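Participant: This is a predicted model, with the sequence first.
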Amino acid sequence: MFKKRVSRPITILNFKIPKPIFYASTAAAALGLTCIIKEWTGGSKLQPNVLAEGKVVIITGANTGIGKETARDLAKRKAKVYMACRDMKRCEEARSEIVLDSNNKYVYCRKCDLASLQSVREFVARFKAEQERLDILINNGGVMRTPNSKTKDGFETQLGVNHLGHFLLTNLLLDRLKESAPSRIINVSSVAHKKGIINREDLNSDQKYDPAAAYAQSKLANILFTMELAKKLKDTKVTVNAVHPGIVSTEIIRHMSFFNSWLATILIKPLLWPFIKSPSQGAYTVVYAALSSKLPNVTGKYFSNCEEAEVSEAAKDDATAAWLWAVSERWTRLNTAT
C-alpha cells in the first residue's frame, strides 16, 4: 500500500502557513507589486479639475493609441475636439466612443492624411471655414519603422508623415493660432530622437534606407522644428513644445516584426508589461503640455513625464534647424497657393 503524501505547511516566523495559501498570497502580492510599478512608471496626470472649456483643439492621429486617449481626456475636460485622421471609419468609431464616455458632443472627425500635402491643405481649408479660432494644435500622428516606401508626394514615409505633414499643417494654421493667442502647439516626438542624425546628403533616404535610422531622424526633425518655430513665434503668445510620451503600447510598433512574434508575446511582453505605459498614460504629458497653468510662457522645450527633459546635442544645432526649416518649406511648397 502506498502512503498518502501530506503537504507540509511552510513555517514563517513560527507561523505555519498551508502551501496553497502561501503560494496564492505570494502570487497576489507579486501581482499587486507589478500593478504598483506600472502605475508608478506611468507618471503623474494633470488634475481632472483643470478644464479646457471653450478651447478648440486639433489632434492628428486621434483614432487610436495616444491620440485617441488625448482626445478622450480633452473631451472630458470640455474642449471642442477635432480628430484629424486618415481612416474615417476608424475615426468615427473612436469619436462615438469618446462622445459617449465624455458626454461631450463637440467632438468631430475630419479627413487629414499626413502622407498627402493636398489632404493637409484640404483639412486646413475646411477647418478654417468651420472655426475662427484654434487654441491647441497637437501634432501626434505618426508611423514607425515602416518598410521602404514613399508618400503621395514622394517623401520617405516616416519623414513625410512624422515631420513634413505636420510642418505644413502647423504653418497653415499659424494665423488661427495667433488670432486665438495665448495658444499652444505640442509636437509629439520621442526619446528616439537621441539616436537621430539629420542626413543632409540623403534626407529623403533615396540612396540608402534604414527603418530605425529614418524613424530617429524624423523624431529629431520634430524637435528641431519645435526649436526653430519657437524662435519664429517669439512675442506672439503662441508657444510650441515637444513631448516624449514614454514607451507606450500602441499600434505604432506594428512594423516591428519581433515584437509581434509569438516569442515576444509569450516571453518578452509579460516581462516588459509593468514598464510599458498604456495609451492613456502615454497621453499624460501631452495633456500636461497642452493645459498646464505652469507653462503659459514656456516655449521651445522638451518634456517627458510632465517634466522638462534634456535633448540630444544634435537637437541643439541651430544651423541644422534653420537648414531643415528651409528644406521643409521648399519641399512642402509652403508659400505656394496649391
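Facilitator: Happy to help now that I have it. Numbers count the residues shown, from 1 in each chain.
Participant: Ser180 and Gln217, how far apart?
Facilitator: Look at Ser180 and Gln217: by C-beta to C-beta, to the nearest Å, they are 32 Å apart. All C-beta spots, glycine's among them, are computed from the backbone N, C-alpha and C.
Participant: contacts for the helix or strand harbouring Val124?
Facilitator: Taking DSSP states H and E as the definition, one finds Val124 inside helix 117-130. In this structure, residues lying in contact with helix 117-130 by C-beta atoms under 8 Å, 6 or more residues apart in numbering are 58, 82, 84, 86, 110-114, 134, 152-153, 164-165, 168-169, 172-173, 176, 332-333, 338.
Participant: Now with 10 Å, please.
Facilitator: If you take C-beta atoms under 10 Å, 6 or more residues apart in numbering as the criterion, helix 117-130 is touched by 56, 58, 60, 82, 84-86, 108, 110-114, 116, 134, 151-153, 155, 160, 164-173, 175-176, 331-334, 337-338.
Participant: Pull out the buried members of those.
Facilitator: Among the contacts of helix 117-130, those scoring as buried are 56, 58, 60, 82, 84-86, 108, 110, 112-114, 116, 134, 151, 153, 155, 160, 164-173, 176, 331-332 (criterion: 16 or more other C-beta atoms under 10 Å).
Participant: what ranges do the helices span in the stretch 101-250 of the chain?
Facilitator: 117-130, 157-158, 165-179, 211-232 (DSSP state H, counting those that start in this stretch).
Participant: Quickly compare the ones you listed and say which is most buried.
Facilitator: Of the helices of the stretch 101-250 of the chain, the one with the most neighbours on average (mean count of other C-beta atoms under 10 Å) is helix 157-158, at a mean of 24.
Participant: And that helix, what does it pack against?
Facilitator: Under the contact definition 3 or more C-beta pairs under 10 Å, 6 or more residues apart in numbering; DSSP states H and E, helix 157-158 sits against helix 211-232.
Participant: Which neighbouring residues are in contact with the nearest residue in space to Phe155 that is not next to it in sequence, exactly?
Facilitator: Leaving out its chain neighbours, the residue that sits closest to Phe155 by C-beta to C-beta, 6 or more residues apart in numbering is Leu164, at 5.6 Å. Contacts for Leu164 (C-beta under 10 Å, 6+ apart) come out as 114-115, 117, 120, 151, 153, 155-156, 204, 218, 221, 225, 327-328, 331-332.
Participant: Just give me the closest of those to Glu307.
Facilitator: Glu307 has its nearest neighbour among those in Phe225, at 21.5 Å by C-beta to C-beta.
Participant: I'd guessed that closest one sits against Ser328; true?
Facilitator: Yes: if you go by C-beta atoms under 10 Å, Phe225 and Ser328 touch, sitting 7.4 Å apart.
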